[in-house]
Each structure stands twice: as structure tokens, then as C-alpha cells.
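Asks: Everything below, folded, please.
(chains A and B)
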Amino acid sequence: MVYIQKTIIKLVLPLVGGIFLKVGYHTVSTERYPGDLSTGRMLADTIPATFGFGRKATQAEIDRLDIDVRPDGKGLPVGLGIASKGKLIFDTKCVACHGAGGIGGPNGSLVTNKPPNTTGRKEKTIGNYWPYATTVFDYIRRAMPFNAPGSLSNEEVYHLTAYLLTANDIIDDKTVINAQTLPKIEMPARNSFIPDDRKGGPEIR
Amino acid sequence: MKIDKLVEITQQFPKKLSRRKLLSGVATAAVAIIQTAKGQTIQKGIAENAIDDDPTKKFGTPAGELGTRSPFVKSVKKPSDISSRSPLQDFYGIITPSDLHFERHHGGVPAIDPAKHELLIHGLVEKPLIFTLADLKRFPSVSRIAFLECSGNFRGGKENLTPQEICGLTSQSEWTGVKLSTIFREVGVKPNATWFLAEGGDAAVMTRSIPVKKGWDDAIIAYAQNGEPLRPEQGFPVRLFLPGWEGNTSVKWLRRLELSDAPYYTREETSKYTEPIKDGKYRIFSFDMDARSIITFPSYPQKVEKGWIEIRGLAWSGRGKVVKVEVSTDAGKNWQLARLNEPVLDKAHVQFRHLWHWKGEETEILSRVTDETGYTQPTLKQLFEARGREGGYHMNPITAWQIKKDGAVLFKPEV
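Replies: Model prediction:
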């Protein structure tokens, strides 16, 4: 096979080398072909240090879009939340999809059922499956409620986060949630995850 | 000459006049030239009942602005509330027609004005920049054919399943765009950046954390698919494309990239897209799609006849090239090498085929792929032994089809 390919290249490439270069779309770049293989001539264009395309993002432009929150709390806004206020919001805006008390709604439980449902697959909830509390804040703020995504104020998101953590018995109903306390909450599923250990090769993992 | 003239006549007539009227007395037209609400003249597809016994005896359809599909071709995706599956059993070659590419989204398909859409790149970079679509298109562009597969792409449990239902959340396109590494150089990614967050502009504002290394390796900011701008369902006007990685990481409607020194543990990479392994543990950041193959012909609900059958299917690996596909026609006792149709591309669907002479006996046919890392597609039993029986994402088991004595083909639910 290799021999045949080499022969083809020797015979054909001097004639149609240019065409071969153009159809090399199975490689991501043309860098694999440093130039015209028939003559040894190198590509004349060089990649500049900068193209100068695009415009500089202002801090205001970044702040408008940068809504993510990391487990270390980076990105959490000012504000605070408590469970009792969160329950009021939940019962108005979330209960239709996620069920009373966050259990058994059509779009999935958020709160672990007690006693656990022993028949069928265990339902994954914030209480038994989410490794970081900050993800609760981040996700509610960016995508919820489903019929009005992104409509909640930061304060409302804090309240809802506090409510869902309380309903899952992770914090008590007096705990105030804010940018300092939320990252410190130890979630029950914190140590349930291991990074991908598949590597290809003969082993089935 | 004659054709050109007729087209001109068509265009001079009132726009709502159909070819049927235009050519009345000559023949019955199979295609109508119709006017849309916006005043555009378009060619409407041929209706099945308008097919003629002898198409050589009347003038056909003039050239149109958009091609049409034959009324005899019924290939469609199979939608659910959250996804839509590609009809793998209908595919020829290795390219998925763009309108049959599978869909999976988390907040519906957003309606985006490409003139207003921008991509912000910030975080651990020297120069935070905003690119319009036009800006992105000015950069050196690359194209590559590669598959895209959702990692939640296995269904089983009953016999009457089609390839589309078993694993229709995989498709293949030629993707065109700018290499992310080009953009990384432009913004000056700092050495301490190890991850980046990719964020979509849909109602889910969906986010995934991606190791920076993938961005330097082969990630593409894609704006085109199969020679045309991305379809809205595929991220129009711009998406991330990560060859070989679980589809969810190729974030669509891409609006923001933030370079970071840690992952974000977003909802889609913790609560979702993590899968059980043994001892109550779950695998996280499992990006690579393991090698997989499936026989798409013959498959349920087709029926086969005695004699020669060319068994056909698709094979692929997210870790590189397919090196071989083996086919068994005796329920896995013996395996033969299948032929691979060129091209055999890196991280791409490959077409395989194997000639089989069926004598009418009841049997099972199976395929298994081996990729260039030496990984061979496992059975469902092997996957359960390795990970436990809970299933979940990244299931890529060998698919077996039962061939019944009457030629009926049924999926074989394993284990």
C-alpha cells in the first residue's frame, strides 16, 4: 500500500502537484504540505503575528456577557439569599416543571426524595449528584425558568439556590447564601466524580 | 436553445402563473413556479402524483434557484422533544445531507441575525477581542470532514429498532471555519490558561469547559457546513467544532470564549454528560468518542432475500482513524475483514461493506471496528463488566441484527 502510494506520488505529482495540494482537506491545515513537492518551492505566505481583525472588548462589553460562576466563587455577584424567600419564588416559577418541594416534576426532581425510591433507577438530584453548589447558581441564572430564561434577578437566584440546598438538607434554613458562603458549601456528591480515565488502546473502560 | 427560450417565457408571465397553465395543451407540468409571500419566485418540488408515464414526451422543469428532493425520497429525521435523529439507514457515502444532520439542543434553536452576532474572547488573554462573523471569515480558513456524535447515543431493549433509533445521534459534515489556534494567537492566550469556557447564544446559554490543549490541537470555529453557511439547527452563524469529542462540547451559536486556569463545572458537565462507572463513581470530562460501528444494511425493518447481500455500514472513532472493520455473519463465531470505502479519514465516519451469500438460515450479523489506538468496539456485556450496568453516556456496543428464516431483520437486544 505504502509502495503504491509512493509510486503514484512519483509518477503523478510532478504533473498535478498543485491539485493534490488543494484537495488536502482531510488535514486541518495545509501546513502538512510545506510547498510544491514537485519543485521544492516553499509557500510564500507567512502567518503574521497578528491579523488585526476584530475590535478590542471593553470591560463593559465583557461584564454584560460574563455571567459564569466557578466553584471557587469567581463570578458570583453581590447579594444574598435565604431559603424561605426562595421557596416563595420556587412555588411560583419552578414548581410546574420540578414538582412540589422540588420532587417529582415532569422535568425532573431537584431534591432527593426521602425515603429513597428503591424501585428503578435512582433519580439524580442536586442533593445526590451535583458536585458544586456554585453550579446551582450559575445554571439557574443563565437558563431558568424554562419559559423565561435569564429573567431572574441575582437576588432571586441566590434565594432559589438557598432554598434548593436547604430542601436537600445540605444547609439549614437559617444559612445565608452569598458570594463568600456559597463556594464553601460541601456538596454530598463532591467526591463522586473521577476525570476520564479512558485512553484508547485495547482496554475496555 | 429551446430550453432557454421557454425559461424566458416563464419569467415574462405573471409570477403566479404555474407551469401547468403555461404549458397547458402541451403537457401536464410536474413542477410549479410559485410566488412566495415576499414576492420571491421559487420552484416547488414535484408532487408524486404528477409523475408522468413517459417523461421523454413533454418538456420538463426549468432551472430553479434551489434544488428539490424527489417526491420518492422520504428520508427524514426522527424528532423527540429534545433531539432529532439522523436516518443512518438511508445514508450513502459518508456525508450527511445538512438537513438530515441530527439535532440536540437545550433551549431550542435560536433565531440569530448574523449581522448582529459577535464572538467575545476574554479571560486569560493579552487582548480581549470581539469578532463579528465577517471578522472571523477574514482569517485563514480550513475545512475538514469529521463526524459529530452525541455521547448519549445508544438505545436498545427491544427488537423493532432501526439504526436511526439505536444510534441516530451521529452525523458527518465538511466543516469550514477558522482554526481556534489562529484566534488563540490573535488574542494572545496566556501560558497559565489551561481551560476555556465555550458559551452559546441560545436560551440555555449553554456552556462547557474545554481543555486549552484541544483549542491548540484541532478545534475549529466553524461558520459553514457542506459548502453553505451552518444551518440554524447546527449553530448558525457560528459554532465550536471539536473533532472526535462528544457533540455537546461543540457549542453551537457560539458567543463567548473565556480562558481560565480551572474548569467551571457547569451543569452540562456535572449533572449531565457524566456517566456511571463502578463503585458509585461517575466519570467526568469524558470527551473522546470511542470507536463504534453499525451495520445499516440490512437492518430493521428491511427484509432480505436469499443470495448475495452486500452488508453495509458506518464505522468511526473519535481517537483517530478506523484501521479495520470486521463483520460476522454467524452470530460472532467467525469474523471477516470488511472492505473500507475511501476516503478513510481521521475522526470521521467511514463506509464499510462485506459480501455475504445468505442461504436462508437463521443467524445474526454483527460488525466491530478497531481504531488506530488498537481499541476494538466492545460488546454491551463488556461495557457493563467495565462500568457496571447503569448505562448512560458513551455507550458504543456492537450492534447485532437477527436474520430470520423469512428474511426479516430484527435488532438483537443484548444481555
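
Asks: how does the chain divide into domains?
Replies: Using chain A here. Using automatic domain parsing, the domains assigned to chain A come out as A:2-42, A:68-184.

Asks: look at chain B instead
Replies: For chain B, the structural domains run B:2-57, B:94-283, B:292-411, going by automatic domain parsing.

Asks: out of these, nearest to A:Leu152?
Replies: With respect to A:Leu152, and counting by CB to CB, the nearest of the domains of chain B is domain B:94-283 at 12.9 Å. C-beta coordinates here come from the backbone N, C-alpha and C atoms, glycine included.

Asks: what's near enough to touch the closest residue to chain A within chain B?
Replies: Of chain B, the residue with the smallest distance to chain A, taken as CB to the nearest CB, is B:Thr373 at 3.2 Å. Applying CB atoms under 8 Å, 6 or more residues apart in numbering or on different chains, one finds that B:Thr373 lies in contact with A:Lys199, A:Gly200, A:Gly201, B:Ser317, B:Arg319, B:Gly320.

Asks: Out of those, flag the one nearest to B:Thr363.
Replies: The shortest approach to B:Thr363 among the contacts of B:Thr373 belongs to B:Ser317, at 27.3 Å (CB to CB).

Asks: And for the closest one, the neighbour number?
Replies: If you count neighbours by other CB atoms under 10 Å in any protein chain shown, B:Ser317 ends up with 30.

Asks: how far away is it from B:Phe154?
Replies: Between B:Ser317 and B:Phe154 the distance is 16 Å, computed by CB to CB, to the nearest Å.

Asks: Would you mind putting the domains of chain B into JSON lines with mean pLDDT alongside?
Replies: Below are the domains of chain B laid out as JSON lines (pLDDT from 0 to 100):
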{"stretch": "domain B:2-57", "mean pLDDT": "53"}
{"stretch": "domain B:94-283", "mean pLDDT": "98"}
{"stretch": "domain B:292-411", "mean pLDDT": "98"}
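
Asks: could I get those domains as TSV with distance to B:Ser86?
Replies: Shown next, in TSV, are the domains of chain B (distance: least, CB to CB, whole Å):
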stretch	distance to B:Ser86
domain B:2-57	21
domain B:94-283	4
domain B:292-411	10
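
Asks: and A:Ile62, which of those is closest to it?
Replies: Taking CB to CB as the criterion, A:Ile62 comes closest to domain B:94-283 out of these, the separation being 5.1 Å.

Asks: which one is the residue of chain B closest to chain A nearest to, not counting chain neighbours?
Replies: Spatial nearest neighbour of B:Thr373, chain neighbours left out: A:Gly200 (3.2 Å); criterion: CB to CB, 6 or more residues apart in numbering or on different chains.

Asks: can I assume A:Gly81 is in contact with A:Thr175?
Replies: No. The pair A:Gly81 and A:Thr175 does not pass the contact test of CB atoms under 8 Å, sitting 9.5 Å apart.

Asks: what's the overlap in contacts for the two?
Replies: When CB under 8 Å, 6+ apart defines a contact, the residues bordering A:Gly81 and A:Thr175 alike are A:Ala162.

Asks: More neighbours: which of those two?
Replies: Taking A:Gly81 and A:Thr175 together and counting by other CB under 10 Å, A:Gly81 has the greater number of neighbours (26 against 16).

Asks: Check the spacing between that one and B:Ser271 real quick.
Replies: Distance from A:Gly81 to B:Ser271, by CB to CB: 20 Å.

Asks: swap in B:Ser84?
Replies: According to CB to CB, B:Ser84 stands 23 Å off from B:Ser271.

Asks: for A:Lys74, same thing?
Replies: 20 Å.

Asks: quick one: which of these two has more around it?
Replies: For A:Lys74 against B:Ser271, the residue with the higher neighbour count under other CB under 10 Å is B:Ser271, and the figures read 21 against 15.

Asks: Excluding covalently adjacent residues, which one is nearest to that one?
Replies: A:Trp130 (5.6 Å).

Asks: just to revisit the earlier point, which of the domains of chain A sits most buried?
Replies: With neighbours taken as mean count of other CB atoms under 10 Å in any protein chain shown, these reach their highest mean count in domain A:68-184, at a mean of 18.

Asks: average pLDDT across that domain?
Replies: Confidence over domain A:68-184, taken as the mean pLDDT, stands at 94.

Asks: With distance to B:Pro110 as extra columns, can I get the domains of chain A in TSV?
Replies: Listed next are the domains of chain A as TSV, based on distance: least, CB to CB, whole Å:
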stretch	distance to B:Pro110
domain A:2-42	28
domain A:68-184	11
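
Asks: who touches the residue nearest the centre of chain B in this structure?
Replies: When chain B is reduced to its mean C-alpha position, the closest residue under CA atoms, centre = their mean turns out to be B:Ser171, at 1.7 Å. Counting by CB under 8 Å, 6+ apart, B:Ser171 makes contact with B:Ser86, B:Thr96, B:Leu100, B:His101, B:Phe102, B:Phe147, B:Leu148, B:Glu149.

Asks: can you give me the strands in chain A?
Replies: Using DSSP state E, the strands assigned to chain A run over residues A:35-36, A:41-42, A:55-56, A:80-81, A:177-178, A:193-195.

Asks: Would you mind measuring from A:Lys184 to chain B?
Replies: Taken as CB to the nearest CB, to the nearest Å, the spacing of A:Lys184 relative to chain B amounts to 15 Å.

Asks: Next, give phi and psi for B:Leu383.
Replies: Reported as degrees, to the nearest 10, the phi and psi values for B:Leu383 are phi -60, psi -40.

Asks: in terms of contact, does it touch B:Met395 like I think?
Replies: Yes. The pair B:Leu383 and B:Met395 passes the contact test of CB under 8 Å, sitting 6.2 Å apart.

Asks: Looking at the two, which has the bigger crowd around it?
Replies: Neighbour comparison, B:Leu383 and B:Met395: the larger count goes to B:Leu383, with 24 against 21 (by other CB under 10 Å).

Asks: sorry, back to before: what residues does the residue nearest to B:Thr373 make contact with?
Replies: With contact set as CB under 8 Å, 6+ apart, A:Gly200 has these partners: B:Asp288, B:Asp290, B:Arg319, B:Gly320, B:Asp371, B:Thr373, B:Gly374, B:Tyr375.

Asks: and if you look at B:Ser98?
Replies: Here B:Ser98 is in contact with B:Ser173, B:Gln225, B:Asn226, B:Glu228, B:Arg231, B:Gln234 (criterion: CB under 8 Å, 6+ apart).

Asks: With B:Gly391 instead?
Replies: Taking CB under 8 Å, 6+ apart as the contact definition, B:Gly391 lies against B:Phe154, B:Pro276.

Asks: how close does it get to A:Tyr129?
Replies: 15 Å.

Asks: ditto for B:Asp371
Replies: Between B:Asp371 and A:Tyr129 the distance is 32 Å, computed by CB to CB.

Asks: Equivalent analysis for B:Leu88, please.
Replies: B:Leu88 sits 32 Å away from A:Tyr129, taking CB to CB as the criterion.

Asks: Could you pick out the residues of the stretch 1-150 of chain B near chain A for me?
Replies: Counting by CB under 8 Å from any CB of the partner chain, the residues of the stretch 1-150 of chain B lying close to chain A are B:106-107, B:120-122, B:127-132, B:135-136, B:138-140, B:142-145.

Asks: For those, which ChimeraX command selects only the ones that are buried?
Replies: To isolate the buried subset of the residues of the stretch 1-150 of chain B next to chain A in ChimeraX, counting by 16 or more other CB atoms under 10 Å in any protein chain shown, use the following:
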select /B:106,107,120,121,122,128,129,130,131,132,135,136,139,142,143,144,145
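
Asks: Can you pick out the ones from the residues of the stretch 1-150 of chain B next to chain A that are in helices?
Replies: When DSSP state H is applied, the residues of the stretch 1-150 of chain B next to chain A are split such that B:Asp135, B:Leu136, B:Arg138 fall in helices.

Asks: Is it possible to get TSV of the residues you listed that adds distance to B:Tyr92?
Replies: Formatted as TSV, those follow (distance: CB to CB, whole Å):
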residue	distance to B:Tyr92
B:Asp135	37
B:Leu136	32
B:Arg138	36
